[in-house]
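Student: Build the 3D model from these lines:
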Amino acid sequence: NCVSYGNTQNGFLVAESSNVNISNCRVYSNTQSGIWFISECRNSSVTGCNIGGSSGGNGWPGIILSGSCSDIALRNNTVSWNGAEGIKIDDHCANTFIEDSVIADNTYSGILVTGSSGSSSILNNTILGNQQNGIWLMGASDNRIHNNTIGTNASGSVYGNRWCGVLVSSGSTDNFIGGDTASLGNLIVNNHAEGVKVDGWDTIRNLVRFNTYSSNVQGGYRNVNGANQALPVPYLYPPVTYTSPQQVTVHGLGTPGTVVDIYISDSQTDKTQARYYKGTVEPDAEGEFSFTFDYDHPGQVITAVAHD
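Tutor: Okay, the predicted model is just below:
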């Protein structure tokens, strides 16, 4: 146990070191960062720490990793009220694990991965109330974002991030937001822009799948400016066919060679807020598809999302 506060630079500065473990510390009111790993640090961890806080955030990010650091584990921390990002991973860092933490109320994004950093695992965190994005992948590749709660907490508070829940931009590639099975999806709600936005023609091969969206101001999930190779949204032909009082069949047109996930939205009008996953179908060679499922949320919009 330790306390590090009121320093004119960083609470902790770890440089060119390995096997450093910081645990159960209170780190706050430092002029620069709370904890900074720099210059090829390896095999280290921050566990069970409270970094920042409403009574005294750090002036820079709560935690910074930079300079080709690798295999750093950040687990079971609370990172809040810091003057920049909650956690910033920059300058060719790799294999960072951010897990089981609360990242909230930071002045910039909750988590920023940038500077050609990547191969991070961002798993099972609660990320809410940050003044930019919950998570921002900026020129970052091969990251895995699974099972996070973004824009609310376990008690259901409405506390979205001021921009997107997750923003993927600036040539980020080969990231998973959600995953290829339903068990890996994130809950992404209440954010003031999109739940997930993938932005830019060079931002490609990012899998955004099996997430649950609700009440994001500018929609659940969008590719913009040619992102993800501008994969078209599947078209659902009106009307649906009721095969029984509880079942419907939808017919649509997608892109051959893709898969189409069918959802019921949480809205009666907004097709982007895909919330209740119903199943997956593959379009035929002409792009046509149909799918029958239990319509257990009457009045809500049926929607479809394509993946290649």
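Student: List the residues that contact the closest residue to residue 224 other than its chain neighbours.
Tutor: Spatial nearest neighbour of residue 224, chain neighbours left out: residue 199 (5.2 Å); criterion: Cβ to Cβ, 6 or more residues apart in numbering. Where C-beta positions appear, they are placed from N, C-alpha and C, glycine not excepted. Neighbouring residues of residue 199 by Cβ atoms under 8 Å, 6 or more residues apart in numbering: 167-169, 223-225, 227.
Student: Please pick the buried ones from those residues.
Tutor: 167-169, 223, 227 (16 or more other Cβ atoms under 10 Å).
Student: From the residues you listed, which land in strands?
Tutor: 167-169, 223 (DSSP state E).
Student: Out of the contacts of residue 199, the closest to residue 259 would be?
Tutor: Checking the contacts of residue 199 against residue 259 with Cβ to Cβ, the nearest one is residue 223 at 15.8 Å.
Student: Go ahead and confirm the closest one touches residue 198.
Tutor: Yes: here residue 223 reaches residue 198: they are 4.8 Å apart, a contact under Cβ atoms under 8 Å.
Student: Residue 189 versus the residue of the chain most remote from its centre, what's the distance?
Tutor: For the chain, the residue at maximal distance from the C-alpha centroid (Cα atoms, centre = their mean) is residue 244, at 37.8 Å. As judged by Cβ to Cβ, to the nearest Å, residue 244 and residue 189 stand 31 Å apart.
Student: Equivalent analysis for residue 23, please.
Tutor: If you go by Cβ to Cβ, the gap between residue 23 and residue 189 works out to 32 Å.
Student: Which one's more surrounded, the two?
Tutor: residue 189 (25 against 14; other Cβ atoms under 10 Å).
Student: Could you pull up the contacting residues of that one?
Tutor: So, once contact is read as Cβ under 8 Å, 6+ apart, residue 189 ends up touching 150-152, 160, 165, 195, 212-216.
Student: where does it land on pLDDT?
Tutor: At residue 189, the model reports a pLDDT of 97.
Student: With the one 3 residues further on instead?
Tutor: According to the model's per-residue confidence, residue 192 sits at a pLDDT of 98.
Student: try residue 97
Tutor: So residue 97 comes in at 98 (pLDDT).
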